[in-house]
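Show me the folded form of this:
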Amino acid sequence: MDFNTEDDFSFGRIVAVPKKHYNPEQKSILRADYLELPDLTGLDELQILAPANPPCKHYQYDPETVFDIAILLPLFINENQAQLTEASGHNFRLYDKTDIFYEYLFGTFVAIDELRQLGINIHLHIYDTRRDSTRLKNILSRPEFKDMDLVIGPVYSYNFEVIKDFSYQYHVNFVSPLSRNEQIIERNPFVFMVNPSDKILMRRIAQFIAPSADTVKTVILTEYTNQSQKKDAQALITYLKQMSWDVLALDTIDVSTIYYDPTQALDTSLLSPDKTNIIVIPSKNEVFVNGALNQLNAIKNVYGYKITVIGMPNWENFRNFDLKWYLSLNIHYPSAFYVDKNDYNVKHFRDKYLKTFNQLPDYYSYLGYDITTYFVHALRQYGKTFQYCISPMDMEPNPRGIFLNFDFKRIDPYSGFENNAVFMIYYDKDLKMHKIENLGINLE
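Below you'll find the predicted structure:
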């Protein structure tokens, strides 16, 4: 695999991935004739594009064009280089949990190599942000940055305040790969949030419950002092009623909230002895969740209640979690991420990654691969103003990745774009993970 890389990373180094047989004269960066958006202060930059004449139908990719794509990651290159120099044999460990960002970068490299083979020409600019907002400002001030076609990063939500004015001024699209904070896309149509917020997760949970909302008892179990979870509970109830409006009488929807203190016994009076009880627990606190599930499991075993629990994506990362609960409590949870190891494209990526980097890919490797693949195809298909054109119904860029799907929507007419593609995950009797893409929870 030819990434045209050197042995070490240097600050702001460009990784050039040229077209096959690219001659020296062609290596100059030829820019596409993009449709530029005028600066209309106070108006939504995207709304000024006439719906009858969007750029989607007029942009044509010039095969001689080279896309400039920047990646902003806290790589701590100098520290890792020092640790590598001092390490002996296999004792080398990456500095301060930076391994996940190198794994993300390696997944990006695999995607770039495949995109090159499709004839898409890319200059990949890699910047080490070091978790330093001042350093990020200095990077943005570099002369090449205002001409970037796409920027992936930064990874921390607090840094998006830094890039807000910059992205507005130069109409540069930024992709947030990890943050789940909706504030980063407020009043900024040039930011894409890949990882769905809690609000989107609540909406997806409501979508899965809605088809059977009149036949089940829905209980939302929150930490009694947690205001964020109380907001999630109210959002879920609102979404559930909205989605059931056309098909059910609202007075048939049986839903309530328990503000649970784990030091007390769980009150069973709000549970139904006859219906299936859908218990939604929007907590990410391992101690709280374990305590609640332990009591629910006991209630099921003693009283014979039918219980299905809906949790949160981070539960799969809990260190002390009884896997039997996945079966006994029929646990489901919403997630934007899922890997089917039997899928041909997943196997292809795993084999290529292993051959290239002598290690298996992980969560962040898949993420880097999918994000890069999707957004570079969006650039090729629609140009720099691709956000006006992309749709989950497109085949190009394909909204179905090997790890996550893409369905970007705006939260209001002036915002950026948030990914709405969420699966529902559950485990079978052999504790193998499965995803549900259609509506309706498996109550078996």
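
phi, psi of residue 217?
Torsion angles at residue 217 (phi, psi; degrees, to the nearest 10) stand at phi -100, psi 120.

show me what contacts it?
Under the criterion of CB atoms under 8 Å, 6 or more residues apart in numbering, the contact list for residue 217 reads 254-255, 271-272, 275-278. Every C-beta, even on glycine, is put in place using the N, C-alpha and C of the backbone.

do residue 353 as well
Neighbouring residues of residue 353 by CB under 8 Å, 6+ apart: 106-107, 110, 359-361, 365.

got the domain boundaries for the protein?
For the chain, automatic domain parsing gives the domain ranges 14-195+342-406, 199-335+425-436.

Make a markdown table out of the ones you listed and add mean pLDDT and distance to residue 417.
Putting these into a markdown table (pLDDT from 0 to 100; distance: least, CB to CB, whole Å) gives the following:
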| stretch | mean pLDDT | distance to residue 417 |
| --- | --- | --- |
| domain 14-195+342-406 | 82 | 5 |
| domain 199-335+425-436 | 90 | 12 |
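
any chance of these in a markdown table, with distance to residue 412 too?
Formatted as a markdown table, the domains of the chain follow (distance: least, CB to CB, whole Å):
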| stretch | distance to residue 412 |
| --- | --- |
| domain 14-195+342-406 | 8 |
| domain 199-335+425-436 | 12 |
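
how about CSV for the contacts of residue 353, with secondary structure added?
Rendered in CSV, the data for the contacts of residue 353 read as follows (DSSP: H, G, I helix; E, B strand; the rest coil):
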residue, secondary structure
106, helix
107, helix
110, helix
359, coil
360, coil
361, coil
365, helix
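
if we can go back for a sec, mind checking which of the contacts of residue 217 are in strands?
Counted as lying in strands by DSSP state E, out of the contacts of residue 217, are 255, 276-278.

Type out the PyMOL command that picks the buried ones from the contacts of residue 353.
Selection command for PyMOL covering only the buried members of these, criterion 16 or more other CB atoms under 10 Å:
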select buried, resi 106+107+110+361+365
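
Please put the alpha-carbon coordinates of the helix or strand that contains residue 125 into PDB.
Following DSSP states H and E, the helix or strand that holds residue 125 is strand 121-128. C-alpha atoms of strand 121-128 as PDB (Å, rounded to 0.1, in the frame of the first residue of the first chain):
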ATOM      1  CA  ASN A 121      -6.700  12.400  -5.800                       C
ATOM      2  CA  ILE A 122      -6.100  13.600  -2.200                       C
ATOM      3  CA  HIS A 123      -3.500  15.600  -0.300                       C
ATOM      4  CA  LEU A 124      -3.900  14.500   3.400                       C
ATOM      5  CA  HIS A 125      -2.700  17.100   5.900                       C
ATOM      6  CA  ILE A 126      -2.100  15.700   9.400                       C
ATOM      7  CA  TYR A 127      -1.900  18.100  12.300                       C
ATOM      8  CA  ASP A 128      -1.100  17.300  15.900                       C
END
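
Tell me the gap between it and the middle of its chain.
Taking the mean C-alpha point of strand 121-128 and that of its whole chain, the gap between them comes to 21 Å (CA atoms, centre = their mean, to the nearest Å).

What helices and strands are in contact with the helix or strand just after it?
Moving toward the C-terminus from strand 121-128, the next helix or strand (DSSP H and E) is helix 133-140. Helices and strands touching helix 133-140, by 3 or more CB pairs under 8 Å, 6 or more residues apart in numbering; DSSP states H and E, are helix 160-170.

And the helix it packs on, what does it pack against?
Counting by 3+ CB pairs under 8 Å, 6+ apart, helix 160-170 packs on helix 133-140, strand 174-176, strand 191-193.

re earlier: out of the ones in strands among the contacts of residue 217, who has the most neighbours?
Neighbour counts for the ones in strands among the contacts of residue 217 (other CB atoms under 10 Å) peak at residue 278, which has 26 neighbours.

Next, count neighbours for the nearest residue to that residue once chain neighbours are set aside.
Taking CB to CB, 6 or more residues apart in numbering, and ignoring the residues beside it in sequence, residue 278 has residue 218 as its nearest neighbour in space, at 4.7 Å. For residue 218, the tally of surrounding residues (other CB under 10 Å) stands at 26.

Wait, a strand at residue 78?
No: the secondary structure assignment for residue 78 gives helix rather than a strand, going by three-state DSSP.

tell me, how many neighbours does residue 74 end up with?
Using other CB under 10 Å, residue 74 has 23 other residues around it.

mind listing what it touches?
Taking CB under 8 Å, 6+ apart as the definition of contact, the neighbours of residue 74 are 98, 101, 128-131, 155-156.

Same check on residue 354?
The neighbours of residue 354, taking CB under 8 Å, 6+ apart as the test, are 360-361.

Which residues does stretch 260-278 contact?
Contacts of stretch 260-278 (CB under 8 Å, 6+ apart): 209, 215-219, 221-224, 254, 256, 258, 287-288, 291-292, 295-296, 299, 303-308, 310, 441, 443.

Tell me which residue is most central in the protein.
Taking CA atoms, centre = their mean, the centroid of the chain lies closest to residue 195, which sits 2.5 Å from it.

before we move on, back to that, would you show me how to pick out the buried ones of the contacts of stretch 260-278 in ChimeraX?
Applying 16+ other CB under 10 Å to the contacts of stretch 260-278, the buried members can be selected in ChimeraX as follows:
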select :209,216,217,218,219,221,222,223,254,258,288,291,292,295,296,299,305,306,307,308,310,441
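
Which members of the contacts of stretch 260-278 are positioned in strands?
Of the positions in these, 216-219, 221-223, 256, 258, 306-308, 310 sit in strands, assigned by DSSP E.

With respect to residue 67, which of the residues you listed is nearest?
Distances from these to residue 67 were compared by CB to CB; the smallest belongs to residue 310, at 40.8 Å.

OK, contacts around the closest residue to that closest one other than its chain neighbours?
Setting aside the residues directly before and after it, residue 310 is nearest to residue 280 in space (CB to CB, 6+ apart), at 4.6 Å. For residue 280, the contact set (CB under 8 Å, 6+ apart) comprises 205, 218-221, 233, 236, 309-310.

Save these as CSV, and put in distance to residue 78 too.
Putting those into CSV (distance: CB to CB, whole Å) gives the following:
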residue, distance to residue 78
205, 44
218, 53
219, 52
220, 48
221, 47
233, 46
236, 46
309, 46
310, 45
